[in-house]
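Q: Provided below for reference: sequence and predicted model.
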Amino acid sequence: MDVQLKKGLLETCVLTVLNRGDSYGYQIIKDASPYLEISESTLYPILKRLESSDCLNVYSVEHNGRLRKYYKITDAGREKIETFLESWKEVMTVYNFITEEMRSSDNE
Amino acid sequence: MNKTEFLSCLEKKLAGLPENEVEKTRSFYLEMIDDRSEDGMSEEEAVAAMGNIDDIVKAAMLELPLTTLMKTKMRPKARLKAWEIVLLVLGFPLWFTLLAAFVVVILSVYVSVWAVIISLYATVAALVLSGLAGIFGGLFCLFQNFAASLFILGSGLICGGIGILAFFGVTALSVWLVKLTGLFLRWIKSLFITREVDYEINN
C-alpha cells in the first residue's frame, strides 16, 4: 500500500479506536490489528503526531504499580474522522465505478 | 534480549536527541513490554514483538523537526578526544582549504548563473537603447542625408524589435536559471541529509 495512504488510514484507525473510549498503547494495537497491520514502532510516531496536532490528549493512570499512558480523543480528533469519511465518499464512488466496470467487462 | 538490555540499547542509539524525547520513547516501549508481559508473554517474546531497534530509532528521528535533527547529526556523539583535537589543529591547513574550496565552488556557481542573467539583460537593454537612438537619430538627420537617415532609422527599428522580442526570451530563460540554482541548493542540502531523505523515500 502507498505510504501516505497507509499513514492516513492508520491515524484515522487509531482515532476511531479512541472514539469508543480512552485507551492505552497495547490495547490500541490489539483493537486495530484485525483491520490494519500495526506495530509498536508504527504506533509510537502516530500517537506523537496526533498529540502534536491536538487530536488527542494524554494522561497517566497507575496500573499494577507502574504508570500507563491513556489517550483521549479530542473534538479536533473527531473532526479528523469526519473529514476522512467525507473525502472517502468520493474515493468510494470511484471504487464502485471501477469494480462495476471491471465486472461487466469480465462478463462480456 | 531481555527488557533491560533492550531499553539500554534503545537509549544508547537515541543518544544525542533531546533528553525528554529519549525519555518519552523509552517509557512508551517500557509500557508496551510490560503490557505484553502481563498479557501472558515471556519477557523475551515481548521484547521481540517490539521489532527492530533501528526501525524504532529511525521512526523516532523522522518525527523530529529538521532543525533538531541537523543539530543531533552535527553534534559529535562523544566528546572529542585529545588526539582528535591535535589532529584537527594540525590538519587545519588541509580541512580549512577544502572547506573554503567547497564554499567558493558553490558561490562561483551562483555568481556565474547571475552573471549570465545580468549579461543577457544588458544585451536586451543595449538593443532597445540602440533602437531608440536609431529611430531618433534617423528622424533627426532626415533632411540632411535622406538615404543614410533611412538606413539608420531601419537599423534602429530592427534593433528595437529584436530587443523587445529578446526581453521575453531572456525573462523566461532567467526564471529557468533561478529555478536551476534552487535545485542546485537543494542538491547541496541533500548531501548533508542523504540518509534521512533516502529513508523517507523508501518508506
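A: Now that the structure is in, tell me what you want to look at.

Q: burial measure for residue B:101, as a count.
A: By other CB atoms under 10 Å in any protein chain shown, 10 other residues sit near residue B:101. (Each C-beta comes from the backbone N, C-alpha and C, glycine too.)

Q: nope, residue A:20 is what I was after
A: Residues lying near residue A:20 (other CB under 10 Å) number 9.

Q: What pLDDT is listed against it?
A: pLDDT for residue A:20: 92.

Q: How about residue B:202?
A: Residue B:202 carries a pLDDT score of 45 in this model.

Q: For chain A, see how far away the nearest residue to residue B:2 once chain neighbours are set aside is.
A: Nearest non-adjacent residue to residue B:2, counting by CB to CB, 6 or more residues apart in numbering or on different chains: residue B:43, 5.5 Å away. Per CB to the nearest CB, to the nearest Å, residue B:43 is found 15 Å from chain A.

Q: what's near enough to touch residue B:43?
A: B:2-3, B:33, B:37 (CB atoms under 8 Å, 6 or more residues apart in numbering or on different chains).

Q: Next, residue A:59: secondary structure please.
A: strand (DSSP: H, G, I helix; E, B strand; the rest coil).

Q: any idea how far it is from chain B?
A: Plainly put, residue A:59 is 13 Å away from chain B if you go by CB to the nearest CB.

Q: so what's that residue bridging to?
A: Counting by DSSP bridges, residue A:59 forms beta bridges with residue A:70.

Q: May I have the residues that are in contact with it?
A: Neighbouring residues of residue A:59 by CB under 8 Å, 6+ apart: A:69-70, A:72.

Q: Which stretches in chain B count as helices?
A: B:3-14, B:19-38, B:43-49, B:53-62, B:66-74, B:82-90, B:92-140, B:146-202 (DSSP state H).

Q: want to try JSON lines for the ones you listed, with distance to residue A:88 as columns?
A: JSON lines is the format used below for the helices of chain B (distance: least, CB to CB, whole Å):
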{"stretch": "helix B:3-14", "distance to residue A:88": "36"}
{"stretch": "helix B:19-38", "distance to residue A:88": "30"}
{"stretch": "helix B:43-49", "distance to residue A:88": "31"}
{"stretch": "helix B:53-62", "distance to residue A:88": "26"}
{"stretch": "helix B:66-74", "distance to residue A:88": "31"}
{"stretch": "helix B:82-90", "distance to residue A:88": "56"}
{"stretch": "helix B:92-140", "distance to residue A:88": "46"}
{"stretch": "helix B:146-202", "distance to residue A:88": "25"}
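
Q: Check whether residue B:149 really touches residue B:134, as I assumed.
A: No. With contact defined as CB atoms under 8 Å, residue B:149 does not reach residue B:134; the gap is 10.0 Å.

Q: Would you mind measuring from residue A:42 to residue A:11?
A: 11 Å (CB to CB, to the nearest Å).

Q: what about the residue nearest to residue A:20 when sequence neighbours are not counted, helix or strand, and which?
A: Spatial nearest neighbour of residue A:20, chain neighbours left out: residue A:31 (7.7 Å); criterion: CB to CB, 6+ apart. Using DSSP states H and E, residue A:31 falls within helix A:25-32.

Q: Packing partners of that helix?
A: Using 3 or more CB pairs under 8 Å, 6 or more residues apart in numbering or on different chains; DSSP states H and E, the elements in contact with helix A:25-32 are helix A:3-20, helix A:40-52, strand A:66-73, helix B:19-38.

Q: Quick check: buried residues in it?
A: Neighbour-count burial for helix A:25-32 flags A:25-29, A:31-32 (criterion: 16 or more other CB atoms under 10 Å in any protein chain shown).

Q: Closest to chain B out of these?
A: residue A:26 (3.7 Å; CB to the nearest CB).

Q: ok so, going back, of all the helices and strands packed on helix A:25-32, which one comes closest to residue B:116?
A: Nearest of those to residue B:116, taken as CB to CB: helix A:3-20 at 38.7 Å.

Q: could you give the angle of the closest one to strand A:66-73?
A: 100 degrees (axes from the mean of the first three to the mean of the last three CA atoms, to 10 degrees).

Q: can you list contacts of helix A:3-20?
A: Here helix A:3-20 has contacts from A:1, A:23, A:28, A:31-32, A:35-36, A:38, A:42-43, A:46-47, A:49-50, A:55-56, A:71-73, A:77-78, A:80-81, A:84, B:203, using CB under 8 Å, 6+ apart.

Q: quick one: it to chain centroid distance?
A: 1 Å (CA atoms, centre = their mean, to the nearest Å).
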